[in-house]
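Asks: Curious how this folds, go ahead:
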Amino acid sequence: MTTQTIEAELLDLEHKFWQAMKNRDIDTMVELTDEHCLLGGAQGVQLIQRDALREMMNNPDWTLKNYSVTGDTHVHQLGDDVAAVGYEVHEELTVDGKPVKLDAVESSTWVRRNNHWLCAVHTEAIKGDPFGRDRK
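Replies: Reported below is the predicted structural model:
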């Protein structure tokens with residue numbers, strides 16, 4: 001498989017995961033996630049198992065209404081069966097019943113197990129000044 005083919009496949013899997021979140025397709029989300037997945041973001045860091053992901057998604061306090069990957073996307077193949085993906089995303093959500101729009105920077109590390117790519121690490125950071133000077 002060529003590097004370009006792997007890049008296209010992993011970017012497609014990222015979109016598939018986002019679409020599954022939008023559709024509340026928990027089975028697809030779990031199918032794309034490694035048995036243990038490290039998640040990092042504004043709420044902290046946690047290592048979750050697939051069952052915990054399924055439980056988290058059963059009744060979230062948010063709904064993803066729309067998303068779009070914006071700007072550059074980058075794929076860095078770290079080995080034959082490991083690659084990292086980075087991109088920016090615009091999200092439109094409902095959180096606690098209120099509309100929220102945000103721009104974030106995402107990264108995922110994918111591992112290939114039994115010829116299937118699985119997300120083993122995912123991080124999200126709200127886009128902006130790292131010191132918060134652009135927020136009120």
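Asks: give the contact list for the most centrally placed residue in the chain.
Replies: Closest to where the C-alpha atoms of the chain average out (CA atoms, centre = their mean) is His122, at 5.6 Å. Residues near His122 by CB atoms under 8 Å, 6 or more residues apart in numbering: 37-40, 106-109. C-beta coordinates here come from the backbone N, C-alpha and C atoms, glycine included.
Asks: Give me the distance from the longest helix anywhere in the chain to the chain's centre.
Replies: Criterion DSSP state H: the longest helix present in the chain is helix 3-23. The chain centre lies 10 Å from the centre of helix 3-23; the measure is CA atoms, centre = their mean, to the nearest Å.
Asks: go on, stretch 43-58?
Replies: For stretch 43-58, the distance to the chain centre is 13 Å (CA atoms, centre = their mean).
Asks: The chain: strands as residue ranges?
Replies: Using DSSP state E, the strands found in the chain span residues 33-41, 44-49, 62-79, 82-95, 98-113, 116-126.
Asks: quick one: strands adjacent to the first one?
Replies: In other words, strand 33-41. strand 44-49 (antiparallel), strand 116-126 (parallel) (DSSP bridges).
Asks: got the CA positions of the last one in CSV?
Replies: Listed next in CSV are the C-alpha coordinates belonging to strand 116-126 (Å, rounded to 0.1, in the frame of the first residue of the first chain):
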residue,chain,number,x,y,z
HIS,A,116,-8.0,-2.9,10.2
TRP,A,117,-7.1,0.6,11.3
LEU,A,118,-8.2,1.5,14.8
CYS,A,119,-8.0,4.8,16.6
ALA,A,120,-5.7,4.3,19.7
VAL,A,121,-5.2,8.0,20.7
HIS,A,122,-7.4,11.1,20.0
THR,A,123,-6.9,14.7,21.2
GLU,A,124,-8.9,17.8,20.7
ALA,A,125,-7.9,21.4,21.5
ILE,A,126,-10.1,24.5,21.0
